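1. coords please:
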Amino acid sequence: MGTQRLFQQLKQLSPDAILGVMAKYRADTSPSKVDLGVGVYRDLSGNTPVLACVRRAEALVLAEQSTKSYVAAAGRAEFNSAVEELVLGVAHAVRRDRRARTSQTPGGCGALRVGAELIRAAAPAVTVYVSDPTWGNHASLLGSSGLTLERYPYYDAVAHTLRFDALLQRLDEAAPGDTVLIHACCHNPTGADLSPPQWSQVIELLQRRRLVPFLDLAYQGFGADLDADAAGIRRVAEQVPEALIAVSFSKNMGLYRERTGALIVIAENETRADAVMSHMLQIARSIYSMPPDHGAAIAARILADAGLKEEWIGELGAMRTRITDMRILLAQRLREVTGGGSFDFIGTQRGMFSLLGVSAAAVERLRDRHHIYMTSDSRMNLAGIMPDNVSYVAGAIAAELS
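-> The predicted structure is shown next:
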């Protein structure tokens with residue numbers, strides 16, 4: 001009689017879409033291969049660099065460190081305070097009224113998951129609305145908590161425009177108390193953001209329908225600048241009684257592997273904010289117990305030191321400019337090789353990503369014939385575009401459209 005095996009019923013799963021693209025790219029031996037898939041920043045040498053300000057801050061942190069003991073379930077107090085100030089501004093009313101509570105998390109992913117668990121603890125029957133399309137891992141991070149997810153229209157990949165009227169119509173059907181996940185800036189995967197007037201209409205809808213915004217801020221500083229990219233969040237926080245904000249420092253400080261993030265929760269008053277914080281800490285304890293400290297210590301040092309912060313803002317500006325320059329250059333090359341402006345949208349969008357708007361079959365041909373890698377929905381990471389490959393990429397795209 002055979003012994004029952006624990007894992008014998010588990011079947012091999014297909015790889016995550018982005019991880020699958022990464023694996024195929026690495027296995028490709030072509031000298032012409034181009035990676036537009038994985039969502040990390042790259043400099044002109046193709047490297048994801050350690051920022052100079054991070055190196056300096058890290059050296060200071062290590063020189064002063066005397067223990068590797070835990071910090072706290074909420075992480076570093078100075079990090080959490082600095083994150084609130086960076087995201088909400090120095091004198092925002094919710095900070096003055098002590099309505100905001102912040103907990104350090106393992107990256108922006110940790111913030112999204114802790115936020116989802118917090119929503120489920122407070123109101124397990126609510127629905128969370130996510131944009132169509134959205135970042136591929138949003139559904140897993142939020143839905144695996146047991147929450148019900150629905151989609152709201154966001155972007156027309158053929159016309160390369162926001163489906164804003166459809167967005168408003170769909171969210172106007174949401175029930176009071178439902179949650180709406182909103183990309184704060186540099187929408188992933190489309191690069192198409194809400195305009196200030198559109199933010200006003202969304203805020204009015206949130207107020208009127210009594211919906212709770214869950215704002216995902218993964219790219220602060222990659223769109224326009226630190227303050228402009230947080231402007232939508234600050235306006236929302238001024239005008240709604242409750243909100244959640246997931247923050248990541250993977251992109252704007254290059255702290256990918258350090259898993260440095262935070263969850264900010266805004267409550268109706270100070271008493272409720274304290275109650276929310278108690279649940280956040282309990283949730284964190286049940287998932288990962290204590291957050292990693294190294295990245296948060298580096299970020300806190302950068303944000304507290306005037307010289308390091310100035311250096312960071314300069315390096316962040318250089319990263320943003322590089323991506324913007326490549327956007328404009330790719331749009332120009334595509335105009336030249338196609339003889340039209342159907343790809344001009346790439347030059348006007350923001351952040352690292354755009355949807356090329358071609359079929360999955362065209363994406364496959366770009367991979368198999370030209371060794372150009374992107375996800376099957378034709379999401380491109382513009383940080384993979386270089387001055388020495390932009391003409392090749394544009395020509396390949398044009399060839400597969402004909």
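
2. Residue ranges in this protein under the pLDDT threshold?
-> When residues are selected by pLDDT under 70, those of the chain lie in 1-3, 402.

3. Tell me where the longest helix sits in it.
-> helix 306-338 (DSSP state H).

4. show me the contacts for Ala362.
-> Residues near Ala362 by C-beta atoms under 8 Å, 6 or more residues apart in numbering: Ser378, Glu400, Leu401. Every C-beta, even on glycine, is put in place using the N, C-alpha and C of the backbone.

5. nearest spatial neighbour of Tyr41, skipping sequence neighbours?
-> Computed as C-beta to C-beta, 6 or more residues apart in numbering, the closest residue to Tyr41 that is not its neighbour in sequence is Ala383, at 5.0 Å.

6. Correction: the previous question concerned Ala166.
-> Take Ala166 and drop its neighbours on the chain: the residue closest to it by C-beta to C-beta, 6+ apart is Pro153, 3.8 Å away.

7. give me phi/psi at the one you found?
-> phi -60, psi 140 (degrees, to the nearest 10).

8. And for Ala59?
-> Dihedral pair for Ala59: phi -60, psi -40, per degrees, to the nearest 10.

9. same thing with the one 5 residues further on?
-> Main-chain dihedrals, Glu64, degrees, to the nearest 10: phi -100, psi -10.

10. sec struct for the residue nearest to Tyr41, please.
-> Here Ala383 is recorded as helix under DSSP: H, G, I helix; E, B strand; the rest coil.

11. I'd guessed it sits against Met352; true?
-> Yes: at 5.3 Å, Ala383 counts as touching Met352 under the criterion of C-beta atoms under 8 Å.

12. okay, and the common contacts of these two?
-> Residues touching both Ala383 and Met352 by C-beta under 8 Å, 6+ apart: Tyr41, Ile323.

13. which SS state does the closest residue to Gln349 other than its chain neighbours fall under?
-> Spatial nearest neighbour of Gln349, chain neighbours left out: Gly191 (3.2 Å); criterion: C-beta to C-beta, 6+ apart. Secondary structure, three-state DSSP: Gly191 is coil.

14. what sits against Gly191?
-> Ile346, Gln349, Arg350, Gly351, Met352, Phe353, Ser354, Leu355, Leu382.

15. ok, the last one to Gly314 distance?
-> So the one you mean is Leu382. 21 Å (C-beta to C-beta, to the nearest Å).

16. ok, those two, which is more surrounded?
-> Set Leu382 next to Gly314 and count neighbours by other C-beta atoms under 10 Å: Leu382 wins out with 23 against 12.

17. Do I have it right that that one meets Leu329?
-> No: taking contacts as C-beta under 8 Å, Leu382 lies outside contact range of Leu329: 9.7 Å.

18. For Ala52, give me its contacts.
-> Residues near Ala52 by C-beta under 8 Å, 6+ apart: Glu311, Glu315.

19. For it, grab phi and psi.
-> Reported as degrees, to the nearest 10, the phi and psi values for Ala52 are phi -60, psi -40.

20. distance of it from Ser286?
-> Counting by C-beta to C-beta, the separation of Ala52 from Ser286 is 38 Å.

21. and Gly75, helix, strand or coil?
-> Three-state call for Gly75 (three-state DSSP): coil.

22. What about it, how many residues nearby?
-> 27.

23. separation between it and Ile323?
-> In terms of C-beta to C-beta, Gly75 sits 30 Å off from Ile323.

24. quick one, strands of this structure?
-> Taking DSSP state E, the strands of the chain run over residues 34-35, 100-106, 127-132, 148-153, 155-156, 161-162, 179-183, 212-217, 243-248, 260-266, 353-355, 372-373, 379-381.

25. which residues of the stretch 1-150 of the chain fall in helices?
-> For the stretch 1-150 of the chain, applying DSSP state H, counting those that start in this stretch gives helices covering 17-27, 52-64, 77-88, 93-96, 107-122, 138-143.

26. hmm, back to that, can I get the strands of the chain in TSV with distance to Ala17 and mean neighbour count?
-> Formatted as TSV, those follow (distance: least, C-beta to C-beta, whole Å; neighbours: other C-beta atoms under 10 Å):
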stretch	distance to Ala17	mean neighbour count
strand 34-35	14	23
strand 100-106	22	26
strand 127-132	16	21
strand 148-153	17	16
strand 155-156	18	19
strand 161-162	24	16
strand 179-183	19	24
strand 212-217	19	24
strand 243-248	20	26
strand 260-266	22	28
strand 353-355	14	26
strand 372-373	12	24
strand 379-381	10	26
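
27. Which among the ones you listed is found nearest to Glu310?
-> Smallest distance to Glu310 across the strands of the chain (C-beta to C-beta): 20.0 Å, for strand 260-266.
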